[in-house]
Each structure stands twice: as structure tokens, then as C-alpha cells.
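Engineer: just a sequence and a predicted model for now, questions to come.
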Amino acid sequence: MGGAVVGILIGQVSAAFGIQQGFNLLIVFTALISVLAFLIRTPEQAN
């Protein structure tokens, strides 16, 4: 479901601002999610 929402958002941005800005938004969004995925880690067990 998340991918579909992002796809619709990218499509709307591309329609409003042009295909280049829509593609740039896709790259920025992917980079942001990647950085967040690296920063969010599972807590380690305290033994």
C-alpha cells in the first residue's frame, strides 16, 4: 500500500511540476528512506 501511495504522489508531482522534478523527488525520497532505515535499529538486549 505504501508503494502505491508514493507512486500516486510522484505522479501528481510530475504532472504539476514536470517529469524532471518528479524524478528528483523520487531520488530524494528513496535516499531519505534509506538513511532512516540505517538510523533506526532494533534495540539490543540488555543482559
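Structural biologist: Cool, the structure landed.
Engineer: how far is stretch 32-42 from where the chain is centred?
Structural biologist: In terms of C-alpha atoms, centre = their mean, to the nearest Å, the centre of stretch 32-42 is found 11 Å from the chain centre.
Engineer: average pLDDT across that stretch?
Structural biologist: When pLDDT is averaged over stretch 32-42, the result is 80.
Engineer: how about that stretch as PDB, C-alpha atoms only?
Structural biologist: Extracted C-alpha coordinates of stretch 32-42, given in PDB (Å, rounded to 0.1, in the frame of the first residue of the first chain):
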ATOM      1  CA  LEU A  32      15.600   9.700   2.800                       C
ATOM      2  CA  ILE A  33      14.100   6.400   3.500                       C
ATOM      3  CA  SER A  34      17.500   4.700   3.100                       C
ATOM      4  CA  VAL A  35      19.000   7.000   5.700                       C
ATOM      5  CA  LEU A  36      16.100   6.500   8.100                       C
ATOM      6  CA  ALA A  37      16.400   2.700   7.700                       C
ATOM      7  CA  PHE A  38      20.100   2.900   8.600                       C
ATOM      8  CA  LEU A  39      19.500   5.100  11.600                       C
ATOM      9  CA  ILE A  40      16.600   3.100  13.000                       C
ATOM     10  CA  ARG A  41      18.000  -0.100  14.600                       C
ATOM     11  CA  THR A  42      16.400  -2.700  16.700                       C
END
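Engineer: residues of the host helix or strand of Val6 that come out buried?
Structural biologist: With secondary structure defined by DSSP states H and E, Val6 is part of helix 2-17. Buried residues in helix 2-17, counting neighbours by 16 or more other C-beta atoms under 10 Å, are found at 13-14. For every residue, glycine as well, the C-beta is placed using N, CA and C.
Engineer: all good on my end, thank you.
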